[in-house]
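Participant: here are the coordinates; sequence isn't available:
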C-alpha cells in the first residue's frame with residue numbers, strides 16, 4: 001500500500017478538547033486522546049462519533065493549539081472512534097520539536113510548510 005500523506009506523522013499522546021455544532025445547531029464538546037500529529041493534521045480517538053466533513057474547534061495545550069479543523073476520516077475501532085483531522089493552520093514545527101519530534105521530521109515539516117506557502 002502506498003503512502004498518500006503529504007506530511008509525515010509522529011506519535012504523540014496528549015489530551016485534546018473538541019467542540020462542534022451539529023447540523024441542527026446543537027453545541028457539543030468532548031475530550032479525546034491524540035494518537036499522532038503532522039504539520040497539517042492530527043489523528044485522535046474519541047468516545048463520540050463526529051461525522052466526516054464536520055467543521056470542528058480543537059484545543060491541545062501541549063501543542064499550543066487553538067484552531068479549527070475538518071474531520072477527514074472516521075473509523076470505529078475497539079469501541080472508540082478514530083478520527084483524522086485536517087487543521088486549518090499548520091502546527092508550529094518548533095513546538096513539535098519540544099514534544100519528541102525527530103530532527104528529520106522537523107526539517108521535513110518546515111520544508112513542506114515553506115513550499116505550501118509559495
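Facilitator: Looks like it arrived, so ask away. Worth saying up front: this structure is predicted, and the values here are computed from it rather than measured.
Participant: going forward, measure contacts and count neighbours with C-alpha atoms only.
Facilitator: Will do.
Participant: Quick check: closest non-adjacent residue to the residue positioned nearest the centre of the chain.
Facilitator: When the chain is reduced to its mean C-alpha position, the closest residue under C-alpha atoms, centre = their mean turns out to be residue 42, at 1.8 Å. In space, and not counting its chain neighbours, residue 42 is closest to residue 85: 5.2 Å by C-alpha to C-alpha, 6 or more residues apart in numbering.
Participant: In the sheet, which strands lie alongside the helix or strand the one you found falls within, parallel or antiparallel?
Facilitator: Taking DSSP states H and E as the criterion, the element that holds residue 85 is strand 80-87. Take DSSP bridges as the rule and strand 80-87 pairs in its sheet with strand 41-46 (antiparallel), strand 65-77 (antiparallel).
Participant: Go through the ones you listed and pick out the most buried.
Facilitator: By mean neighbour count, with neighbours taken as mean count of other C-alpha atoms under 10 Å, strand 41-46 ranks first of the strands paired with strand 80-87 at a mean of 22.
Participant: what is the rounded mean pLDDT of that strand?
Facilitator: Strand 41-46 shows a mean pLDDT of 95.
Participant: For that strand, which outside residues touch it?
Facilitator: 30-37, 80-87, 90 (C-alpha atoms under 8 Å, 6 or more residues apart in numbering).
Participant: Next, work out how far apart the residue of the chain positioned farthest from its centre and residue 83 are.
Facilitator: Note on the chain: the largest C-alpha distance from the chain mean falls to residue 24, namely 24.9 Å (C-alpha atoms, centre = their mean). Residue 24 sits 22 Å away from residue 83, going by C-alpha to C-alpha, to the nearest Å.
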